[in-house]
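In: Sharing a sequence plus its predicted fold:
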Amino acid sequence: MRTLGIGWSVLLILCFIVIGLRYSSVFLLGNLPVFSEAIIRPSVVSDGTLNYEIRYDVETRSPWSAPIIWELMFDPRLYDEAHKLAGTSVALTVFAVGRYLDAYLNTFLTSAEKHFMVGLPVTFYVFTDQPEKVPNITLAPQRHVKVIKVEKYSRWQDISMMRMKTISEMIEKELRHKFNYVFCFDVDQEFKERFGSEALGESVATIHAHFRKLPKELYTYDRNPKSKAYMEKGDYYYHAAVFGGSCDKVKALADYCYLNIMEDKLNSVEALWHDESHLNKYFWLNKPTKLLSPEYCWDPYIADMKNILVTRLLWAPKQYEKVRT
């Protein structure tokens, strides 16, 4: 009996030692000022939900509990496998009108084929006034390019704003019958790293890289009370260069922006940042269900890259003097 009692005592001591080491290591890792190898490894539960705590250095939830997607928060394999099993398909829309086609489209398409929703069926819808100049690129199986001819407006501002009407019409005519999700991009960008299925959601907005650390008082919402885009306050400043979601949600956004743009025109008003101002107003009134961090649309000229572990989509060098006529 004495021997048995000693054995149980030793076992209990060993258990306390193991538990103590486990919790002391968690405590130490949780307070490291930089990411150690243990922290960099994504930790996602088996159902593919996000790990909000792993990025203690940034905001990972909006005030209305929508996730803000950052590197390390998700396991790419789990998301991709789930969407492949579900048969998810994605449409991408991009406008390349006038000199924007020559300057940016080839880089945009080739980089998108390499990094955008890899492994999923994707169709790239290219809206252009010069269909014959759209480059031929090599595509993986179940990935396609479809070219749609559109009118070239006299001002680049009108091209930017009228894309909302075109997106809405295309969703109604074709996309909603073929695709689960649609993403809309500006053409003067280049994919550099994975832009994958973790970005998919019902209503997806992207936090503008230049406003990620600024106080809300400096957000450039439209402050003109005569404009339908007028805002006194908001949640974030969103970038119109990247937005997406289900076909129904993106159509609702596009319809809202187009109708308000046209009402402004009738009143001889133009919002400060054109369609982006109206998009910010829409997302203020209709909260997005998922937010993409500035990783998903980054300006390489921003010197402060603290907390930016990966840049998935980069602004291309601007050539306004060449492309804006």
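Out: Nice, I can see it. Residues are numbered from 1 along each chain as shown.
In: Spatially central residue for this protein, please.
Out: Residue closest to the mean C-alpha point of the chain, counted by CA atoms, centre = their mean, is residue 292 at 4.2 Å.
In: got a list of what the closest residue to it other than its chain neighbours touches?
Out: Distances taken as CB to CB, 6 or more residues apart in numbering put residue 206 closest to residue 292, at 4.4 Å, once the chain neighbours are dropped. C-betas here are computed from N, CA, C, even on glycine. Counting by CB atoms under 8 Å, 6 or more residues apart in numbering, residue 206 makes contact with 238, 239, 241, 242, 243, 291, 292, 294, 296, 297.
In: Adding secondary structure and pLDDT, write these out as CSV.
Out: Formatted as CSV, these follow (DSSP: H, G, I helix; E, B strand; the rest coil; pLDDT from 0 to 100):
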residue, secondary structure, pLDDT
238, strand, 98
239, coil, 98
241, coil, 97
242, strand, 98
243, strand, 98
291, strand, 98
292, strand, 98
294, helix, 98
296, helix, 98
297, coil, 98
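In: so can I have CSV of those residues showing distance to residue 188?
Out: Written out in CSV, the entries for the contacts of residue 206 read as follows (distance: CB to CB, whole Å):
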residue, distance to residue 188
238, 18
239, 13
241, 8
242, 12
243, 16
291, 22
292, 18
294, 17
296, 15
297, 11
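In: and which of those residues is nearest residue 62?
Out: Nearest to residue 62 among the contacts of residue 206 is residue 291, at 5.9 Å by CB to CB.
In: check contacts around the closest one.
Out: The contact partners of residue 291, taken as CB under 8 Å, 6+ apart, are 62, 66, 67, 68, 69, 204, 205, 206, 207, 236.
In: Check the spacing between it and residue 98 real quick.
Out: Distance, residue 291 to residue 98, using CB to CB, to the nearest Å: 32 Å.
In: repeat for residue 273
Out: In this structure, residue 273 and residue 98 are separated by 20 Å, where distance is defined by CB to CB.
In: I'd guessed residue 254 sits against residue 170; true?
Out: No. Here residue 254 lies out of contact with residue 170, judged by CB atoms under 8 Å, at a distance of 9.3 Å.
In: between those two, which one's more packed in?
Out: The neighbour count for residue 254 versus residue 170, taken as other CB atoms under 10 Å, is higher for residue 254 (28 against 21).
In: Just give the number of residues close to the closest residue to residue 221 other than its chain neighbours.
Out: Using CB to CB, 6+ apart and skipping residues adjacent in sequence, the residue nearest residue 221 is residue 231, 4.0 Å away. Residues near residue 231, counting by other CB under 10 Å, number 15.
In: In this structure residue 231 contacts residue 220, no?
Out: No. Judged on CB under 8 Å, residue 231 makes no contact with residue 220 at a distance of 10.1 Å.
In: I'd like to know which of the contacts of residue 291 is nearest to residue 104.
Out: Here the nearest of the contacts of residue 291 to residue 104, counting by CB to CB, is residue 206; it sits at 18.4 Å.
In: what's downstream of the helix or strand of the chain with the lowest mean pLDDT, the next helix or strand?
Out: Each helix and strand of the chain was given a mean pLDDT (mean pLDDT, DSSP states H and E); the minimum falls on helix 37-40 at a mean of 30. Towards the C-terminus, the helix or strand next in line after helix 37-40, according to DSSP states H and E, is strand 68-69.
In: So which bits of whichever helix or strand comes after that following strand are buried?
Out: Sequence-wise, the next helix or strand beyond strand 68-69 is helix 76-86, with elements assigned using DSSP H and E. For helix 76-86, burial by neighbour count (16 or more other CB atoms under 10 Å) applies to 78, 79, 80, 83.
In: so who does the last one touch?
Out: The one in question is residue 83. Shown here is residue 83, whose contacts under the criterion CB under 8 Å, 6+ apart are 120, 197, 200.
In: Which residues are in contact with the closest residue to the last one other than its chain neighbours?
Out: Computed as CB to CB, 6+ apart, the closest residue to residue 200 that is not its neighbour in sequence is residue 181, at 5.2 Å. Contact analysis of residue 181 by CB under 8 Å, 6+ apart lists 88, 89, 90, 91, 200, 244, 245, 246, 247.
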